[in-house]
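>>> when you get a sec, could you give me coordinates for this:
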Amino acid sequence: MKRLFILNVLLAIFVIPTYSQGNDAPKNQVIVIETSMGNIEILLYDDTPLHRDNMIKLATENYYKDQIFHRIIKNFMIQGGDPHSVGAPKGQRLGTGGPGYKIPAEFRANHIHKKGVIAAARMGDKVNPNKESSGSQFYIVQGQVYTPEQLAAMQSAGQRRPFTPKEIEIYSTVGGTPHLDGAYTVFGEVIKGMDVVDKIAAVATDNYDRPVEDIVFNIRLK
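Numbers count the residues shown, from 1 in each chain. Model (predicted):
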């Protein structure tokens, strides 16, 4: 019985994904998303270490090689990270793939869904009440600009916690997707190539929001 217990412990150790590098992870790490429409540089936040370290791990392993942005909605976001998208035939519906694990949510009040942030996609609340993130799928926010009146209406409808004055300023000038705050983990932001994000967000898509023409990308560390 004791040997069986030890074996189970060892098995548990080996099947738990090693996506966290902890204190050994580089600070202020930048990743480069090389796309067929130009490059996007993203600074990973150090106060979301689980998501930061996981992205570093996957980029180092070339996990994102030749994937495509499989879901694009103009004035909302561009999404990628499904390994099933590599070489997927045109018209195939995508969005279910991943590395086989999830990441605990890392919500931070100082990281909102302003235009240009990168956040983790996830399964819905009914099957994922803890709001755990996909192990690889992400989206970059394009969003839109909201008036203070629209933000006040959103708050009154209970769609979001009360906005701070700074958040109102950001969403009414820079823009974003404020209704997603506190529901999906934001773990970085675009520091170069937002024009590329805008170009990608403007492409023609099919009924599944997949681009008619594939937009291939790779992710590497800078």
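
>>> pLDDT below threshold where in the protein?
For the chain, the stretches with pLDDT under 70 are 1-25.

>>> and T147, how many residues sit next to it?
T147 has 11 neighbouring residues, counting by other Cβ atoms under 10 Å. C-betas here are computed from N, CA, C, even on glycine.

>>> so what's I31 bridging to?
In this entry, I31 is beta-bridged to I42, L221, by DSSP bridges.

>>> for K126, see how far away it is.
32 Å (Cβ to Cβ, to the nearest Å).

>>> go on, M55?
27 Å.

>>> give me the more crowded residue out of these two.
Set M55 next to K126 and count neighbours by other Cβ under 10 Å: M55 wins out with 28 against 6.

>>> for A88, which non-adjacent residue is closest in space?
Spatially, and ignoring its direct neighbours in sequence, A88 is nearest to L94 (6.0 Å; Cβ to Cβ, 6 or more residues apart in numbering).

>>> would you agree that neighbour falls within a helix?
No - L94 is assigned coil when assessed by DSSP: H, G, I helix; E, B strand; the rest coil, not a helix.

>>> contacting residues for K27?
Contact analysis of K27 by Cβ atoms under 8 Å, 6 or more residues apart in numbering lists D46.

>>> if I've got this straight, it is in a helix?
No - in this structure, K27 is coil, not part of a helix, as judged by three-state DSSP.

>>> about what we covered before: wait, what's in contact with the residue nearest to A88?
Contacts of L94 by Cβ under 8 Å, 6+ apart are 68, 70-71, 82, 84-85, 88, 208, 210.

>>> now do the helices in this structure.
Counting by DSSP state H, the chain has helices at residues 2-15, 49-60, 148-156, 165-173, 194-201.

>>> deepest-packed of these, please.
Most buried of those by mean neighbour count (mean count of other Cβ atoms under 10 Å) is helix 49-60; its value is a mean of 21.

>>> just how off-centre is it within its chain?
12 Å (Cα atoms, centre = their mean, to the nearest Å).

>>> so which elements touch that helix?
On a contact count with 3 or more Cβ pairs under 8 Å, 6 or more residues apart in numbering; DSSP states H and E, helix 49-60 meets strand 30-35, strand 38-44, strand 102-103, strand 186-192, strand 216-221.

>>> looking at it, Y208 is touching A88, isn't it?
No - with contact defined as Cβ atoms under 8 Å, Y208 and A88 do not form a contacting pair (11.4 Å).
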